[in-house]
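Trainee: Below is the sequence, then the predicted model.
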Amino acid sequence: MIRKFFIAAAAFAVAVAAYAADAPQIPKPDCGTAPRAPGSAMRNDDFAMKRFNKDIKRYEDCMKAYVAEHQALAKANQDAASAAADDYNKTIKSINDELKSE
């Protein structure tokens, strides 16, 4: 019983390692450190709040650009996979139709 468990665990570990090796490494956003809200004493300082709002806008723009880029890549990959599946289905249908007609 214990031997079967170790064999199953080893097979699972190999499968996970194989999947991890094939998974693409997607870089994380390079938007710098997320801004932190100014302390209560600084919230009445116009200069500190302008700088904070500028930092928030910069961070927001960077993250939105990252998300938009990766959504476009995901759509392109999905479209390519769908086109490949359609091509495969058409090819197999054509082969099956040809085999039936003989």
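Mentor: Looks like it came in fine. Residues are numbered from 1 along each chain as shown.

Trainee: where does the protein dip in pLDDT?
Mentor: 1-21 (pLDDT under 70).

Trainee: now with 80?
Mentor: In the predicted model, the chain carries pLDDT under 80 at residues 1-23, 102.

Trainee: State which helix of it is the longest.
Mentor: Of all segments of type helix in the chain, defined using DSSP state H, the longest is helix 46-101.

Trainee: Asp79 - how many residues pack around it?
Mentor: Residues lying near Asp79 (other C-beta atoms under 10 Å) number 10. C-beta coordinates here come from the backbone N, C-alpha and C atoms, glycine included.

Trainee: residues touching Asp45, list them.
Mentor: Neighbour list for Asp45: Pro38 [criterion: C-beta atoms under 8 Å, 6 or more residues apart in numbering].

Trainee: if I look at it, how far off is Gln25?
Mentor: According to C-beta to C-beta, to the nearest Å, Asp45 and Gln25 sit 42 Å apart.
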